[in-house]
Every structure is written in structure tokens, then in C-alpha cells.
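S.K.: Next one to model:
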Amino acid sequence: MENCIFCKIVKKEIPAKIVYEDDLIMAFEDIRPQAKVHTLIIPKEHIPNNLYLEGRHKELIGHLILKANEIAKMKGISETGFRLIVNCGKDSGQEVFHIHWHLLGGEPLGRLICK
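M.R.: Sure thing, here's the model as predicted:
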């Protein structure tokens, strides 16, 4: 946790372009965007990935998903469509081991998996 870049962003030790924050979650712009809109939404609590979620996290995750919808509206992508992605583990492409959702949109995104 002490070396987690997202925990450092939550603590405001590392700058980020924050677009939303409350007591439970934070949303900020991805530094390597993969779409016109690419916002990361994280719980402030350090949770390494999806496998670490427990029953006590139900309210937190519900809150995060509902706020993702609000952020999509704020970003102007709710009408045209957006994608929420959460990766779990290294084979999925997870690079930062603090659970986070990628909110992507602002352009046609194509297929989810291209082979």
C-alpha cells in the first residue's frame, strides 16, 4: 500500500486531474488515455483487485458504479455510450494493483476483444 500510486493520489502526494471526489471514491483522468474520454474511478480504500472484494464492500461498489454513470453524464458520453472496464490480475492487463474502473468513451470503441 505504501508504494501504491493510486493511494498516493488519494493522499494528494502525487498530482492528478481529479474530476470527482467524495468520502469513498475518487475519479481522475488517465495519464495514458486509450479513448477521447478515459477516466479512472477508484475506491479510496486500498483493495488490490476484484478478488479482494467482500460483502462489506457492497455499498462502496454500488456507490462507485452509480457515480460512474454521473461522471459519464458530466463528460457528455452518457447519450452516445461508454464502457466501464475493471481488470483483475496481471493476465487481464492490470498494471496498478489497486482496484479501479476505466470509464471510456467519446468515440466508437469497437469490439471489446479483438483477435
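
S.K.: from here on, contacts and neighbour counts on C-alpha atoms
M.R.: Fine.

S.K.: Compute the number of surrounding residues for Asn87.
M.R.: For Asn87, the neighbour count with other CA atoms under 10 Å is 18.

S.K.: I figured it was touching Gln94, is that so?
M.R.: Yes - with contact taken as CA atoms under 8 Å, Asn87 and Gln94 are classed as touching, separated by 5.3 Å.

S.K.: remind me which residues of the protein are low pLDDT?
M.R.: Regions of the chain meeting the criterion pLDDT under 70 cover residues 1, 113-115.

S.K.: just the strands in it please.
M.R.: If you assign secondary structure with DSSP state E, the strands in the chain sit at 18-21, 25-29, 37-43, 82-85, 101-105.

S.K.: and these as CSV, adding mean neighbour count and distance to Lys11?
M.R.: Conversion of those to CSV gives the following (neighbours: other CA atoms under 10 Å; distance: least, CA to CA, whole Å):
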stretch, mean neighbour count, distance to Lys11
strand 18-21, 16, 12
strand 25-29, 20, 11
strand 37-43, 25, 12
strand 82-85, 17, 24
strand 101-105, 23, 19
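
S.K.: what's the closest of these to Leu53?
M.R.: Distance to Leu53, taken as CA to CA, is lowest for strand 37-43 among the strands of the chain, at 11.3 Å.

S.K.: Show me what the closest one is packed up against.
M.R.: With contacts defined as 3 or more CA pairs under 8 Å, 6 or more residues apart in numbering; DSSP states H and E, strand 37-43 has these neighbours: strand 25-29, helix 58-74, strand 101-105.

S.K.: Just send the ones you listed back as a markdown table, with distance to Leu51 too.
M.R.: Rendered in a markdown table, the data for these read as follows (distance: least, CA to CA, whole Å):
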| stretch | distance to Leu51 |
| --- | --- |
| strand 25-29 | 19 |
| helix 58-74 | 13 |
| strand 101-105 | 14 |
